[in-house]
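Enquirer: Provided below are the primary sequence and the corresponding predicted coordinates.
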Amino acid sequence: MIKQERMKVVRHKQIADDIFELTLIGQLSLEMKQPGQFVHIRVSDSFEPLLRRPISICSIDPEHMEFTMLYRAGGRGTKLLSLKQPGDEVDILGPLGNGFPVEEANTGETALLVGGGIGVPPLYELSKQLNAKGVRTIHVLGFQSINNVFYEKQFSELGETYIVTADGSYGTKGFVTDLLAQLNPEFDVFYSCGPLPMLKALEQTYPDKKGFLSFEERMGCGLGACYACVCKTTDAVENDYLKVCSDGPVFPRGVVAL
Amino acid sequence: MNRLQVELPGLSLKNPIIPASGCFGFGQEYAKLYDLSKLGAIMIKATTLEIRKGNPTPRVAETSSGMLNAIGLQNPGLAHVMEYELPWLEQYDVPIIANVAGTDTTDYVAVAEKISTAPNVKALELNISCPNVKCGGIQFGTDPKTASELTAAVKAVSKVPVYVKLSPNVTNIVEIAKAVEAGGADGITMINTLIGMRLHPKTGKPIIANGTGGLSGPAVKPVAIRMVYDVSQQVNIPIIGMGGITNAEDVIDFLSAGASAVAVGTANFVDPFVCPNIIDELPQKLDELNCEKISDLVGRSHR
């Protein structure tokens, strides 16, 4: 169920260039079930900045009533968020949207998880849940440069993990698709979140595989009421537009026009 | 006695708080969060004769204490709204104000005639002020003669009272208000968004795909208050005021300026519970003002 709650900051630290890890505690954590869902955050109690910021859920810890998100402090709002200290309260609305379907991978199967930049975080909870049900996971994570890399250790503990950097300063040089071409992994289903060119390349590289892609778009309400964050669909889909916030952000491959 | 009760043509409101058109869809999203029967009324998303796909993205951009939007009247079309959205809303004890849009007079008349027959539609809001579509919308709202004629044409077929939604993007809003009153409007809703633009700091190009967008949010409130203040002294029909309302004090301001009820738009995106929260706050505000009933505040700025 969607709730609004002033959640308390438990931990907050920078883990890479401009990337922050924020852990919050509160009842709302107990509503979070599906990886790939997001929360809508009000970074200020004033109307400046006005709108909430959508940020994906990176991991859920119902036992401690906590959840963690990773975000890039790139704009005005997220920079304000990065100043929050343990004990501070943050207005959270969520969980929102439809996340990655864990049920689409069966026990004993292999799932390929491909993330790019700030698209990597939601794959972490996904990998945890897949591994918990006995699905083997392969992680291919792309970043700009060595200073942007995060969560390599966390993913490595769950499965094979490959890091790619665009400038070659760490791991394999190039894009995730370059590494996938070399690796040629065996898998049953792929899940991905990252920049549009990456999602497009994945759809083209694996035309016959079952896959699920997570999208982003500038959002208003986050609930599906304002029609701001629509994405254009392919001819295979009846609706011309779907809403990223409430129909997505995760869609099966072939639904969103890339 | 219900201190918050407001009586307007076609509308018996248990309180003066109405979610604004375009900011509340057809209610389904917010119904997951609270009981819609709590609201004074609901202004549903603009409905056109045919399905509208709306504009390309990005459709929104944040600005100082506000936002720009250019959704482009995306909606599922009249038939769908009649068959699904309005019947679904019947489970709530809340009057519906149907926002009607179109490309030409024939469109407006066809939508108004049909949608005004829905049992829960108690009033129409004639959208002659959408700044984000190429045809229809604002072109009807910037010329007094055109606005008056369209109002009369819609009035002739509507089974319920007609409110006309005015654009602030005009030289003299009083003139337009008087024109729609002369055309037979039962009330006025104001203001729609102000046309604006935000440029991308790196590319120098507009962020919104449509180029321009409509500015809303707390940033526009002083403009809206001034316009309600001016118009309410020059017409004899009631006004539903809107523009940047986020709390009960803002509501009091609009009533003081001359509005009889208010609509809350952008604030729903910031705080989805803003409407029920304001409704809960209002009685205390009335106490603080030593005011018995909320309708006593209407127009006190110029009395």
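Expert: Cool, the structure landed.
Enquirer: any chance you could map the strands in the stretch 101-250 of chain B?
Expert: Secondary structure of the stretch 101-250 of chain B by DSSP state E, counting those that start in this stretch: the strands cover B:121-127, B:162-165, B:187-190, B:194-196, B:213-216, B:239-242.
Enquirer: so which helix or strand takes in the closest residue to A:Asn98 other than its chain neighbours?
Expert: The shortest distance from A:Asn98 to any residue other than its chain neighbours is 5.8 Å, reached at A:Val250 (CB to CB, 6 or more residues apart in numbering or on different chains). In short, each C-beta sits where N, CA and C put it, glycine included. Taking DSSP states H and E as the definition, A:Val250 sits inside strand A:250-252.
Enquirer: which residues touch residue 52?
Expert: By default, I'm working from chain A. Contact analysis of A:Arg52 by CB atoms under 8 Å, 6 or more residues apart in numbering or on different chains lists A:His40, A:Ile41, A:Arg42, A:Val43, A:Leu93, A:Met219, A:Gly222, B:Phe269, B:Val270.
Enquirer: try chain B instead
Expert: Applying CB under 8 Å, 6+ apart, the residues near B:Arg52 are B:Gly72, B:Leu73, B:Gln74, B:Asn75, B:Gly77.
Enquirer: Surely the second one is in contact with B:Glu50?
Expert: This points to B:Leu73. No: with contact defined as CB atoms under 8 Å, B:Leu73 does not reach B:Glu50; the gap is 10.9 Å.
Enquirer: Between these two, point out the one with more neighbours.
Expert: B:Leu73 (23 against 13; other CB atoms under 10 Å in any protein chain shown).
Enquirer: which phi and psi does the more buried one have?
Expert: Backbone torsions of B:Leu73, given as degrees, to the nearest 10, read phi 60, psi 30.
Enquirer: same deal with A:Val189?
Expert: Dihedral pair for A:Val189: phi -150, psi 150, per degrees, to the nearest 10.
Enquirer: Most proximal residue of the stretch 101-250 of chain B with respect to chain A?
Expert: B:Pro218 (4.8 Å; CB to the nearest CB).
Enquirer: Might you list the low-confidence residue ranges for the chain?
Expert: All of this is about chain A. Of all residues in chain A, none has pLDDT under 70.
Enquirer: wait, chain B
Expert: For chain B, the ranges with pLDDT under 70 are B:132-137.
Enquirer: Can you list the residue ranges for helices in it?
Expert: Secondary structure of chain B (DSSP state H): helices at B:28-31, B:78-80, B:86-89, B:105-115, B:144-157, B:173-182, B:221-232, B:248-257, B:267-270, B:274-288.
Enquirer: hmm, who's touching stretch B:276-292?
Expert: B:3-4, B:15, B:17, B:34, B:38-40, B:245, B:247-249, B:251-252, B:264, B:271, B:293-294, B:297.
Enquirer: In contact with the residue in the stretch 201-303 of chain B positioned nearest to chain A, which residues?
Expert: Proximity of the stretch 201-303 of chain B to chain A (CB to the nearest CB) peaks at B:Phe269, 4.3 Å away. Contact partners of B:Phe269, counting by CB under 8 Å, 6+ apart, are A:Leu51, A:Arg52, A:Gly220, A:Cys221, A:Gly222, A:Cys226, B:Cys23, B:Met67.
Enquirer: possible to save those as a markdown table with distance to B:Val223 and secondary structure?
Expert: Output for these, formatted as a markdown table (distance: CB to CB, whole Å; DSSP: H, G, I helix; E, B strand; the rest coil):
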| residue | distance to B:Val223 | secondary structure |
| --- | --- | --- |
| A:Leu51 | 20 | coil |
| A:Arg52 | 24 | coil |
| A:Gly220 | 21 | coil |
| A:Cys221 | 23 | coil |
| A:Gly222 | 27 | coil |
| A:Cys226 | 22 | coil |
| B:Cys23 | 18 | coil |
| B:Met67 | 15 | strand |
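Enquirer: out of the residues you listed, who's nearest B:Val121?
Expert: Using CB to CB, B:Cys23 is the member of these that lies nearest B:Val121, at 18.5 Å.
Enquirer: The residue lying closest to the closest one once chain neighbours are set aside - how many residues pack around it?
Expert: Leaving aside its sequence neighbours, B:Cys23 sits nearest to B:Gly265 (CB to CB, 6+ apart; 4.1 Å). Per other CB under 10 Å, the neighbour tally for B:Gly265 reads 28.
Enquirer: what's the spacing between B:Gly265 and B:Ser216?
Expert: Distance, B:Gly265 to B:Ser216, using CB to CB, to the nearest Å: 6 Å.
Enquirer: tell me which parts of the stretch 151-258 of chain A are close to chain B?
Expert: Residues of the stretch 151-258 of chain A lying close to chain B (CB under 8 Å from any CB of the partner chain) are A:217-231, A:240-241, A:246.
Enquirer: Now that we have these, which of them are buried?
Expert: In these, burial by neighbour count holds for A:217-231, A:241, A:246, counting by 16 or more other CB atoms under 10 Å in any protein chain shown.
Enquirer: can you pull out the helices in the stretch 151-258 of chain A?
Expert: In the stretch 151-258 of chain A, the segments counted as helices under DSSP state H, counting those that start in this stretch are A:152-156, A:176-183, A:196-205.
Enquirer: Looking at those, which is nearest to B:Ile191?
Expert: Distance to B:Ile191, taken as CB to CB, is lowest for helix A:196-205 among those, at 36.9 Å.
Enquirer: Can I get stretch B:248-265 in CSV, CA atoms only?
Expert: Extracted as CSV, the C-alpha positions of stretch B:248-265 are listed here (Å, rounded to 0.1, in the frame of the first residue of the first chain):
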residue,chain,number,x,y,z
ALA,B,248,-5.7,26.8,4.5
GLU,B,249,-4.3,30.4,4.6
ASP,B,250,-4.1,30.4,0.8
VAL,B,251,-7.7,29.3,0.7
ILE,B,252,-8.7,32.2,3.0
ASP,B,253,-6.8,34.6,0.7
PHE,B,254,-8.7,33.5,-2.4
LEU,B,255,-12.1,33.8,-0.6
SER,B,256,-11.1,37.2,0.7
ALA,B,257,-10.2,38.2,-2.9
GLY,B,258,-13.7,37.3,-4.0
ALA,B,259,-13.7,33.6,-4.8
SER,B,260,-16.6,31.5,-3.5
ALA,B,261,-14.7,28.2,-3.6
VAL,B,262,-11.2,27.1,-4.6
ALA,B,263,-9.4,24.5,-6.6
VAL,B,264,-6.1,23.0,-5.6
GLY,B,265,-3.8,21.9,-8.4
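Enquirer: mind checking how far it is from the chain centre?
Expert: Stretch B:248-265 sits 12 Å away from the centroid of its parent chain (CA atoms, centre = their mean, to the nearest Å).
Enquirer: Same question for stretch B:43-60.
Expert: Between the mean C-alpha location of stretch B:43-60 and the chain-wide mean there is a distance of 15 Å, by CA atoms, centre = their mean.
Enquirer: okay, the helices of chain B, which one's buried deepest?
Expert: Most buried of those by mean neighbour count (mean count of other CB atoms under 10 Å in any protein chain shown) is helix B:267-270; its value is a mean of 24.
Enquirer: residues contacting the residue of the stretch 51-200 of chain A at minimum distance from chain B?
Expert: With CB to the nearest CB as the measure, A:Leu51 is the residue of the stretch 51-200 of chain A nearest to chain B, at 5.2 Å. Residues in contact with A:Leu51 (CB under 8 Å, 6+ apart) are A:Gly77, A:Met219, A:Gly220, B:Val60, B:Glu62, B:Met67, B:Phe269, B:Val270.
Enquirer: I'm done for today, thanks for sticking with me.
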